[in-house]
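Visitor: how would this look folded up:
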Amino acid sequence: MMKFKLFFIVLFCSLSLSAFSQLTYGTTGLLHAPSAEMQRDKTFMVGGNFLNKELTPPTWYYHTYNYFLNVTVFPFLEVAYTCTLFKAEALGLKPYGYSGFTNQDRYFSARLRVLKEGQFWKYMPAVVLGTSDPFTSSGGGQVGTTEGNGYYSRFYIAASKHIPVAGKEEIGVHLSYLYNNRKEYKLNGFALGVTYNPSFHPQLRMIAEYDSKDFALGA
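Guide: Residues are numbered from 1 along each chain as shown. Next comes the predicted model:
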């Protein structure tokens with residue numbers, strides 16, 4: 001069933017004042033959908049989020065938290081390491097005396113910009129190839145797992161174009177295609193988003209998106 005999510009304010013800790021980091025993945029992007037925007041060269045981000053259970057894979061039936069480290073190594077390459085907390089009850093550890101958050105799911109993400117916005121011609125969008133949680137060591141090591149670990153697995157291509165409107169204002173348009181091979185959270189479709197940073201407060205970012213499964217609004 002398609003769901004509609006509304007986020008009024010997204011708060012996270014960051015060492016970069018201009019950084020826009022996704023709640024779930026800790027990478028540059030929209031609320032949940034990818035974009036082709038990149039941070040400045042050598043940008044370092046560290047942060048954490050409260051994750052409503054609606055933002056987690058279907059097998060996660062509880063609210064949780066994550067934290068992440070993110071580095072834009074070059075202007076065209078971003079890597080991140082994200083940890084999401086598990087509850088003991090979900091891991092079947094309650095009979096052994098454990099409760100609450102006792103473990104964490106860990107994964108890497110990478111984003112590679114293959115085209116810069118405006119490159120070759122003025123209407124050229126930026127294009128990024130990206131992945132999150134692509135590999136798991138469980139089951140002998142697999143890429144693009146169908147089950148088990150790899151809860152946040154996704155592969156995508158994203159394009160972003162910023163369009164000036166009404167003089168000083170600018171709107172960002174973002175289109176992406178996402179794929180994974182998960183049984184419980186299959187991704188195989190397009191995502192679309194629109195962003196707006198008002199000129200009177202450039203650090204205020206308003207987002208409307210469809211992440212290939214749900215609609216969301218946020219700021």
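Visitor: switch to C-alpha atoms for all contacts and neighbour counts from now on
Guide: Will do.
Visitor: for the strand ranked longest in the chain, packing partners?
Guide: Criterion DSSP state E: the longest strand present in the chain is strand 101-115. Strand 101-115 sits against strand 77-87, strand 126-132, with contacts defined as 3 or more CA pairs under 8 Å, 6 or more residues apart in numbering; DSSP states H and E.
Visitor: by how many degrees do the last one and strand 77-87 diverge?
Guide: The directions of strand 126-132 and strand 77-87 differ by 30 degrees, with axes from the mean of the first three to the mean of the last three CA atoms, to 10 degrees as the criterion.
Visitor: Strand 126-132 - what's its average pLDDT?
Guide: Averaging pLDDT along strand 126-132 gives 97.
Visitor: angle of that strand against strand 101-115?
Guide: Between the axes of strand 126-132 and strand 101-115, defined by the same axes, to 10 degrees, the angle is 150 degrees.
Visitor: Extract the CA atoms of strand 126-132 and return them as CSV.
Guide: In CSV, the C-alpha atoms belonging to strand 126-132 read as follows (Å, rounded to 0.1, in the frame of the first residue of the first chain):
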residue,chain,number,x,y,z
ALA,A,126,24.3,16.1,-13.1
VAL,A,127,24.3,12.3,-13.1
VAL,A,128,25.4,10.0,-10.2
LEU,A,129,25.8,6.3,-9.9
GLY,A,130,25.3,5.1,-6.4
THR,A,131,24.8,2.2,-4.0
SER,A,132,24.1,1.5,-0.4
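Visitor: What strands line up against whatever helix or strand comes next after that strand, and which way round?
Guide: Sequence order places strand 135-136 as the next helix or strand after strand 126-132, per DSSP states H and E. Using DSSP bridges, strand 135-136 pairs in its sheet with strand 142-143 (antiparallel).
Visitor: ok so, going back, please identify the most buried of the helices and strands packed on strand 101-115.
Guide: Of these, the one with the most neighbours on average (mean count of other CA atoms under 10 Å) is strand 126-132, at a mean of 23.
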